[in-house]
Structures are given as C-alpha cells and as structure tokens.
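*Asks:* Structure of the sequence below:
(chains A and B)
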Amino acid sequence: MKSKTKVLSMMCAGLLIASVFAGCGGGEKKAGDTIKVGADIELTGGSASYGKSAQNAIKLAFDQVNAKGGVLGKKMELVVADNKSEAAEATNAMQKLVAQDKVVAVIGPNLSSAVIASTAVNTGAKVLVISPMGTNPNVTVDKDGKTKDFMFRACFIDPFQGTVMAAFAKDTLKAKKVAILIDNSSDYSKGLAQFFETAFVKNGGTIVAKESYLQKDTDFKATLTKIKASNPDMIYVPGYYQEVGMIVKQAREMGLTVPMAGGDGWDSAKLPEIAGKSALNKTFFSSLYSAEDKSELNKNFVAEYKKAYNETPDVFAALAYDSAMLIVNSIKTANSADSVKIKDALAKTAGFNGVAGSVTFDSQHNPVKSAFIIEYKDGAQAFNTKINP
Amino acid sequence: MDMGSFAQQFAQQLINGISLGSIYALIALGYTMIYGIIKLINFAHGDIYMLGAYMGFVATTMLGLSFVPALIFAMVAAGIAGIIIERVAYRPMRNAPRIAILITAIGVSFFLEYGMILIATPQPRTFPAIFEATVYNFYGLIVNSQQVLILVISLVLMAGLTYIVNHTKVGKAMRAVSFDADAARLMGIDIDRIISMTFALGSSLAAAAGVLVGVYYNSIDPLMGMMPGLKAFIAAVLGGIGIIPGAMLGGVIMGIVEAMVSGFFSSTFRDAASFVILILILLYRPSGILGKNIKEKV
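*Replies:* Residues are numbered from 1 along each chain as shown, chains lettered A, B, ... in the order given. So this is what the prediction gives:
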C-alpha cells in the first residue's frame, strides 16, 4: 500500500503543478456573453447522491433564469467539477474552477470538511463560495470568530441542528441517557455531536457513551455492543447515510431497539435500502427542508423538478437551488458580474424568498431559518415537528 | 462494569470478531496462495473481492438467482477473472524483477476499481436481502443467522481448499510449483496451468467473501476492496505468508483483535491496531506465526 500511496501522491503533485501553470496564463477575465458559475460538488464517492441532486437543481435554476432572458442580458452558465466527496479533491476542483474556468462564484461543496479545506483557494482568488449544505460553524467563521469574507452558506449551522435534536430528544422522546456515535473523519459529525452534547447536558440529560467510527467502515457491531452495555434511551448518530444505514441495521440486529437520531446527512433515498425499512422505524433527523412544504414557490419548484428529473427534490436539491437563485439575485442587485461586487450584494441579502424558506444573512454569513424534525416510518419520511430559531 | 456483564460483552465481541475474521481469512487465503506460488503480493486481490460482490449483485438482481447459485456464479466469474488477469497482466512479467510485477499488480488494482466505477457508477449499491437475518438470543448473547452463515460457508470453503491442496493431483502440483518451480517443470508439470488454477481458486474464495459481505452489510461499492484487502494482507503476513492454515489463523486473529480494540478501548484505534500488528510481526517474526525461519545461504 505504501507504493500505492506514493503513486497517488505523485499524481496529485503532477496535477497541482499543472494547475499552477494553468493559473499563470491570463490575469484578466474574459468578457463573454455568459456569466460562469462553478459547482464544486460530490458527483462520485460516498456522498454522490448529494452532488447529483445539487447538479440537477442548479441546472434547473439556471435554465429557468435563462428562459426568462438571463441576467444583465447574459446567460447563466454552469461549470461542474467533481470533488469525489473528499476534502483534498474538493480543493483541486476549486482550483480548477477559479483558475481555469474563471467562474464568478462557486456553489458547493456540500460537505463541511470539503468546504473548509478549499476555502483558501477561493478566498485567494477573491471568488465567493456559497455552500448549500456545509453546516459546520467553521465554514463561514475562522477559529478566532472572524467572518470569512468570501464564504457563505444556504443552510443553518451545526449548533442549531445539534441543539434542536437535543431539545427534541428531551421533550418529545423523553430521553435521559444518550449514547453518541461520531464519524471521526468528518468535521460535520463532530460539530453536531459537540453541540448536541452541550445542549443535552445543559437540559439535565446524561451522555452515557461516546464512540466513534470512520468513513467507509462497514462493521459496527463491536462498537454497538459497547454502546448497548451502557443502556442508553436514545442513540445520536450524526453521520452520513452510507454508514448510518449500516449502523441502524446492525444496531437493530444487536437488539438495540431504542430511538436513533441524526442530522441532515440521514436524508437520502438510499438510507431505507441500506438499513431496511423496519429497522428505520423510531429514527429521527433534523432537516432544513420538506418537499411537503405548502408555499407557492416550493410547490412550483417541486413540480418543475419532478417534470425534469422524474423524482421529488431532496434537501440538497432545494438548497442548491436556493444557492443558485441567491447568486442570480445578487448579480441583479450588484448590477455587475464582478465576483467581489456580487459578494458584497450577497452579504446584504435580507428576506430573500427561497424554496426552503426565507433567507436573511447575519453578520457571520449564516442564514436565519426554521428547522424540521423528520421521522422515518416504514422507510418513508414523515414530517414530525417544526422548531423555530 | 461487573464481572458478569464483562464476560458477556467479551463473549459478544468474540462472536463479532470471529464473523469479521472469517471474511478476512477468506480473502487472505487468496493472497497467501498466490504469494506461495509466484511470490507475488497481488494487490489487486482486494478488488477481486469487490468484483465478486458485484457478480453476486448481478446474479441476485438481474438473473434472479437465490443465494447458493449466486455464490457459485460469483465464484466462477471471479475465478475466470483471476485467470484472465494472470494471463494478461502477470504472465508476461513472470521473469521481470519483483518490483515491476508488484507495480503491475497496483495497476491492475486501479484498473479494476475505476473500471468498475465506469461500468457500475461509484454510488454504493444495496445488496438485495436474499437471506433474511434471524436473530438468536442466547442469554443475552446476540448471534445473527448471517454471522452463522458466514462462518459455516467460510469453514466449508477452507475445508474444500485444504482438501484440494493436500489430497488432489492439482494440489500436489501446486505444492510442487510453490516449492521449486524449475524442478516441477522438469517433472512434467505444466506450470502455467497450475498458476492459472491457483489464481482461479484464490479469486473465487475472495469472491465468496465479497458475496457474504454484500449479504451481511447490505451495501457494496467499487472501492470496498481497499481496506479489507489491506487487512487480509496483514492477516496473511501475520499467519505466515504462503502458508494456507496461517491465512485462516491470521484472519480470525485480526477480526478478534479489531472487535476487542473497538469494544474495550476505542473504535478509533481499531485500524491502528491492525497496522501495529503488521509492524510488530515484521519486526519480531517476519515469517509469521506458523512460518519457519528459513535462513538464506549466501
């Protein structure tokens, strides 16, 4: 394997050098008749379904805008780069988008760790990034609490998801002893777990076990056996669907029948397939979007999306769509396709109406919005409660 | 934790570990057989395991086969794939330096991984539930029928392999080639055919592991072979590479160690523990647990 890693790193080095040279070419931006927006998204890898939804939704958004004559007399053009659901690849993809394709703004990545990893690249190039689903606080704020100028998100942040689920666990599920199972390879998972723990303990609950796993693990029985011995009333698993599916399946097989809960990483049609429909009963997750929402804007979006792709949009589609429309909106308000001016206009966005609720950016570039608790019932998602900020 | 619950947890972790370890053992067998016969660490072996899982997927979803026929289908298909890989990639390199053939193996590994991504898309696929899991509860110890199935099938396959290697003509020829290829050739053994047979056998065992894992964990993807491939390699080295019972022993030990580390320390250290085992074994007993120390004469 050593030699395998070596080959890989040499290939990466080659790519890096190539991209540096590509970046040296021309400093000025070509004034074409299109406005290029990049998407640095997960088309392959463990979270591929997130990127697929995002790509569909952004395409739909730009097609709609272009059908109405575009923005500032120009058509919107989408340039997609695959980040393979990995932080290192997300940085490469970002490099390609800003240096080679010269996009004015980038949508994505969806995974917090990938956004955080690629921040330096787009900030250096003064190109704004709006992450549809990067929920970790550090996506828009650095370690000293300073807002990152070119970083935005379309979703609410981890503290809120963790805090919401802690309140739900205590008030609705009446849980007192909770075990937490964290995906140690993801900032997202660690962020949710930390805020869940803080809020839950503050409400008088106890964390009886805290375990972790890594992306791509398949066997969780040893860890679940350990968790079972701690006798929890609920298990909090803020991970991504691929591992979560196997965790839920194996937990139920181990005789762990208590409710299980997580964050929006659970939101995937693949989850019931992996975990099994009956195993998923009594599981809950916090989410930003429900396709069942009755607003006019959302009903239209769901109809158009279904017409184009023959499936119901998920939360990744909804927020990518909102991200795309936020950029279009800012280009209009800025009356310019200059990345810095778009960024300034975006930061001042207030009361923007999106399919996943209205968006007002606070000083840390976080939108203020409502949260939904969704429950899995026989493999189908059912809206459970709405919790306001 | 009182003693009773400790003992119970320990027993449960032992069960978890053995079922995981029998998978490692099945993959490790192929590593060890191929190393035994042509001294090649076949890095593509983990990907053959992946290939087997996909073949099982094709057999159950597209051809509508039930579990046992699907298992046989996957084993035969992977066996053929193993023969082709050996014929196309390794045989032309037979007399090349060891490092060249090792690099070829890495190339084959990438080819299989990314070839599968091209054909089957990188998204994980859900293995159909062809074998309903029944959960048995013995005084608090949970055993899943699938775990029993994995263990039984692994044991049957290992017994079969041991029989082939020790009690058939082909097996005798394999042992002869492994011992001294040139002498074997002088005795009239068709070395190429025996090496092909070895690849076929090793690959079909890996495929069986792939199908079992597909059924057990319910999810397969084109890169699923990387980690188990590495772990199985460690298992093979642990037991003594080139020694068939060593691979079985190594696999089971690896599974149990991983379960114990996750259960009684932290799951974060699980992979670290596997690699620490590799380092320790290379430092203190490079020929493995069952290996004999052979001194090379200068």
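*Asks:* Give me the three-state assignment for the nearest residue to A:Val141 once chain neighbours are set aside.
*Replies:* Counting by Cβ to Cβ, 6 or more residues apart in numbering or on different chains, A:Val141 lies nearest to A:Gln364, which is 5.3 Å off, once chain neighbours are set aside. Every residue, glycine included, has its C-beta placed from N, CA and C. Per DSSP: H, G, I helix; E, B strand; the rest coil, the local secondary structure of A:Gln364 is coil.
*Asks:* Distance-wise, check A:Gln364 relative to chain B.
*Replies:* Distance of A:Gln364 to chain B, computed by Cβ to the nearest Cβ, to the nearest Å: 31 Å.
*Asks:* list the contacts for that residue?
*Replies:* Listed by Cβ atoms under 8 Å, 6 or more residues apart in numbering or on different chains, the contact partners of A:Gln364 are A:Thr140, A:Val141, A:Thr147.
*Asks:* try A:Lys249
*Replies:* For A:Lys249, counting by Cβ under 8 Å, 6+ apart, the contacting residues are A:Ile274, A:Ala275, A:Gly276, A:Ala279, B:Asn218.
*Asks:* Tell me the first helix or strand C-terminal of the host helix or strand of A:Ala317.
*Replies:* If you go by DSSP states H and E, A:Ala317 is part of helix A:315-334. Sequence order places helix A:339-347 as the next helix or strand after helix A:315-334, per DSSP H and E.
*Asks:* Describe which strands whichever helix or strand comes after that next one pairs with in its sheet and in which direction.
*Replies:* Downstream of helix A:339-347, the next assigned helix or strand under DSSP H and E is strand A:352-354. As defined by DSSP bridges, the strand partners of strand A:352-354 come to strand A:357-359 (antiparallel).
*Asks:* outside of the partner strand, which residues touch it?
*Replies:* A:Ala154, A:Leu288, A:Asp322, A:Leu326, A:Thr349, A:Gly351, A:Phe352, A:Asn353, A:Pro367, A:Val368, A:Lys369, A:Ser370.
*Asks:* Pipe the residues you listed into TSV and attach neighbour count per row.
*Replies:* Output for the contacts of strand A:357-359, formatted as TSV (neighbours: other Cβ atoms under 10 Å in any protein chain shown):
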residue	neighbour count
A:Ala154	28
A:Leu288	26
A:Asp322	30
A:Leu326	27
A:Thr349	17
A:Gly351	7
A:Phe352	18
A:Asn353	14
A:Pro367	24
A:Val368	15
A:Lys369	20
A:Ser370	17
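*Asks:* Point out the least confident one among those residues.
*Replies:* Minimum pLDDT for the contacts of strand A:357-359 is recorded at A:Ser370 (71).
*Asks:* circling back: which among the contacts of strand A:357-359 gets closest to chain B?
*Replies:* Chain B lies nearest to A:Leu288 out of those, by Cβ to the nearest Cβ, at 22.7 Å.
*Asks:* show me the contacts for that closest one.
*Replies:* A:Met133, A:Cys155, A:Phe156, A:Asp264, A:Val315, A:Ala318, A:Leu319, A:Ala356, A:Gly357, A:Lys369, A:Ala371, A:Phe372.
*Asks:* What is the neighbour count of the residue lying closest to the fifth one once chain neighbours are set aside?
*Replies:* Ranked by Cβ to Cβ, 6+ apart and with sequence neighbours excluded, the top spatial neighbour of A:Val315 is A:Tyr289, at 4.0 Å. Close neighbours of A:Tyr289, defined as other Cβ atoms under 10 Å in any protein chain shown, add up to 28.
*Asks:* element containing A:Tyr289, please.
*Replies:* Here A:Tyr289 is assigned to no helix or strand, by DSSP H and E.
*Asks:* Out of the contacts of A:Gln364, who's the most crowded?
*Replies:* A:Thr140 leads the contacts of A:Gln364 on contacts (other Cβ under 10 Å) with 25 neighbours.
*Asks:* can you pull the buried residues of the host helix or strand of B:Leu149?
*Replies:* Under the criterion of DSSP H and E, B:Leu149 resides in helix B:145-167. By neighbour count with 16 or more other Cβ atoms under 10 Å in any protein chain shown, helix B:145-167 contains the buried residues B:Gln146, B:Gln147, B:Leu149, B:Ile150, B:Leu151, B:Ile153, B:Ser154, B:Leu157, B:Met158, B:Leu161, B:Val165.
*Asks:* from those residues, which single one is nearest A:Gln55?
*Replies:* B:Gln146 (36.5 Å; Cβ to Cβ).
*Asks:* circling back to that earlier point, pick out whichever of the contacts of A:Gln364 sits closest to chain B.
*Replies:* For these, the nearest to chain B is A:Val141 (27.0 Å; Cβ to the nearest Cβ).
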